Every structure is written in C-alpha cells, then in structure tokens.
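In: Please find the sequence and the predicted model below.
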Protein chains: 2
Amino acid sequence: MTDTVRKYALDKIQQKDFNCAKEYTLSMFSGKYKIVILYQLHYDGEMRFGEIQKSLSNATHKVLSQQLKELGEDGLIDRKEGLVNNRKAVFYSLTTTGETLMPIIEMVFSWGTKRLEKLQIDDTTI
Amino acid sequence: MTDTVRKYALDKIQQKDFNCAKEYTLSMFSGKYKIVILYQLHYDGEMRFGEIQKSLSNATHKVLSQQLKELGEDGLIDRKEGLVNNRKAVFYSLTTTGETLMPIIEMVFSWGTKRLEKLQIDDTTI
DNA sequence: CTGTATCCCATTCGATACTG
DNA sequence: CAGTATCGAATGGGATACAG
C-alpha cells in the first residue's frame, strides 16, 4: 500500500519535472526576437547593440534591451562594454550554454521551413 | 547594380523566411499546455478530453479546450467523436505531422533537464 | 550609443456559468 | 462528457520621452 502511494508520488514528481523542463526551455526563447537574436549571434559572432537592432528592423530599442537583459540573466549571452571612437560600445555574444541551444534552434528552423513549404503546396494545389 | 539590389532583396527575403520559419514553429507549441499535450499524446496514444485534463491538474476546462482546438487547426492532432456507454466521447491523437515535432520536443525536454540540474548544482555549491 | 521609465493597448489565461 | 460565452486580471509589447 505504501508502495502504491510512493509510486504515485514518484510518477507525480517525474510528471512535474517533465513539464517544468520543457516549459523552462521554451521560456528561454519565447520572448519576442529572442530566438532570432541567438541565431544571429551564433552566425555573426559578437555584435553590438545597434547591429542587432539593425538586423531586426521592427524591434523597438526598449524591447530589444529587455530581451538582451533576460538572455543575459539566463546565462545564454555575454555582455561586454568597450569604447569605439571614445564612445561607449556594448558587445554581445553567445555563451557556451547559449551555444548548446543551437541544435534545437536549427531543428526549429528546419521544421518550420518544411512545414511552411508543405502548407504552401497544399494551398496552391487546392 | 540591379544585381546588388537583387542580392539585397534575396538576403532580405531569406532573412525574413528564417525568422518566420522559426517563429512559426515556436507558435505551434507556445500556448499553455500545448507542448505537454503533444508529449502525452505521443506516449499514451489516443486520449479522451477528460483524461488529458486529469493529466494536467491545473488546466482549466476552457483553456484546455482552446489549446486542443488550435492544435487541431494546426494539423498536429486529430479529433474523433464516439460513444462510450451511450455518452459522447471525444478522442484525441497525434497526426503524422504532430509526430514530426517529437524530436524537437525530446531535445527541448532533455536540454531543460540538464540545464536545471546544472543550475541546481551551481546553487547548492555556492 | 545604450539603457530605463511611463503609459497604453492587445492578447492570453483563469473563474464561472451555461449548453447539448 | 465535451464545449462555448462572458468577464476580469495579468502579462507582454509598442510609442515616446528621458538619462548617462
């Protein structure tokens, strides 16, 4: 009897862990622009604030600033201050933890690409 | 000259496609409970509405209904009506398209698990 | 150039009640 | 049992202005 209870509890805990782990990961790049920022930093390497903003033509600088801050707090990107022409310059780059997300992001990209192609074909052949 | 313009446009389109594809995929399971629902349906197979709800102890009736509806519209899950003891019974299951999301979900789960373990270790050793 | 504060709007989710 | 309608609360993001 205690065993069935224990088993139930273990299942419950595992269940919870499952959900938490998945939702935790999603929360890493669910903010607006986050997944794109990570993608850019991976392929372009270190980027300045303004460069990132230019690559996201629709991003407000307030929101971009927010997203970068959160990505930093989550340990996915690094922030370094420097000087360029005597003016403050901030450089962002992926951390090694951030790099470990790339395989997921690549899959997310390729799944979406294939799916959108498929949907387009379906649309035009109807 | 027209070539540089064209190249720019292609880059732009590609860029846009990149962003769209990634964000499209994320939108597939960004709703509350969606990723968990997909995960459950994969491992438990066909499930009834009430069963899914039981497995998500915190899910409201209404929200669960919404999420299932959207997952259906996105072609990720199937909905079948039937009768059990002369009462309406609805069965949900993954479509083949839904199944193609599983590799991503597995990676999302395992990344989160490892990351949370790491963070816990870091916390307790500080 | 980079970042923050404020205000507003839109969307999402929860609680509840109602239908077949 | 499964689903919908309505309302209120919370959250996220856009616009703008301001600061170091």
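Out: Thanks, I have the structure now. Residues are numbered from 1 along each chain as shown, chains lettered A, B, ... in the order given.

In: how far is the helix or strand hosting A:Gly72 from where the chain is centred?
Out: Using DSSP states H and E, A:Gly72 maps to helix A:61-73. Here helix A:61-73 is found 12 Å from its chain centre; the criterion is C-alpha atoms, centre = their mean, to the nearest Å.

In: Do any residues in the helix or strand that that helix is followed by lie close to DNA strand C?
Out: Under the assignment DSSP H and E, the closest C-terminal helix or strand after helix A:61-73 is strand A:77-84. Yes: using C-beta under 7 Å from any atom of the strand, strand A:77-84 reaches DNA strand C at A:Arg79. In this view, the C-beta of every residue, glycine as well, is placed from N, C-alpha and C.

In: counting contacts, what elements does strand A:77-84 pack onto?
Out: helix A:34-44, helix A:61-73, strand A:87-94 (3 or more C-beta pairs under 8 Å, 6 or more residues apart in numbering or on different chains; DSSP states H and E).

In: right, quick check: the helix holding A:Gly72 against DNA strand D, any contact?
Out: Yes: judged by C-beta under 7 Å from any atom of the strand, helix A:61-73 and DNA strand D are in contact via A:61-63, A:66.

In: As a markdown table, the residues you listed with distance to B:Leu26, neighbour count and pLDDT would be great.
Out: Formatted as a markdown table, those follow (distance: C-beta to C-beta, whole Å; neighbours: other C-beta atoms under 10 Å in any protein chain shown; pLDDT from 0 to 100):
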| residue | distance to B:Leu26 | neighbour count | pLDDT |
| --- | --- | --- | --- |
| A:His61 | 23 | 11 | 93 |
| A:Lys62 | 22 | 8 | 95 |
| A:Val63 | 17 | 14 | 95 |
| A:Gln66 | 18 | 14 | 95 |
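
In: and DNA strand C, which of these reach it?
Out: Within these, those near DNA strand C by C-beta under 7 Å from any atom of the strand are A:61-62.

In: What are the contacting residues of the helix holding A:Gly72?
Out: Helix A:61-73 has contacts (C-beta atoms under 8 Å, 6 or more residues apart in numbering or on different chains) with A:31-34, A:37-38, A:49, A:52-53, A:56, A:77-79, A:92, A:98.

In: okay, the helices and strands packed on strand A:77-84, which one's buried deepest?
Out: helix A:34-44 (a mean of 20; mean count of other C-beta atoms under 10 Å in any protein chain shown).

In: And whichever helix or strand comes after it, how far out from the chain middle?
Out: Next along the chain after helix A:34-44, taking DSSP H and E as the criterion, comes strand A:47-48. Relative to its chain's centre, strand A:47-48 lies at 17 Å (C-alpha atoms, centre = their mean).

In: what mean pLDDT does strand A:47-48 have?
Out: Averaged across strand A:47-48, pLDDT comes to 96.

In: Contacts only, for A:Leu26.
Out: Shown in contact with A:Leu26 (C-beta under 8 Å, 6+ apart): B:26, B:29-30, B:35, B:108.

In: can you redo those as CSV with secondary structure, pLDDT and distance to A:Gly112?
Out: CSV is the format used below for these (DSSP: H, G, I helix; E, B strand; the rest coil; pLDDT from 0 to 100; distance: C-beta to C-beta, whole Å):
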residue, secondary structure, pLDDT, distance to A:Gly112
B:Leu26, helix, 92, 8
B:Phe29, coil, 89, 12
B:Ser30, coil, 88, 13
B:Ile35, helix, 95, 15
B:Val108, helix, 96, 15
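
In: thinking again about what came up before, quick one: which of the residues of helix A:61-73 next to DNA strand D is nearest chain B?
Out: Nearest to chain B among the residues of helix A:61-73 next to DNA strand D: A:Val63, at 14.7 Å, using C-beta to the nearest C-beta.
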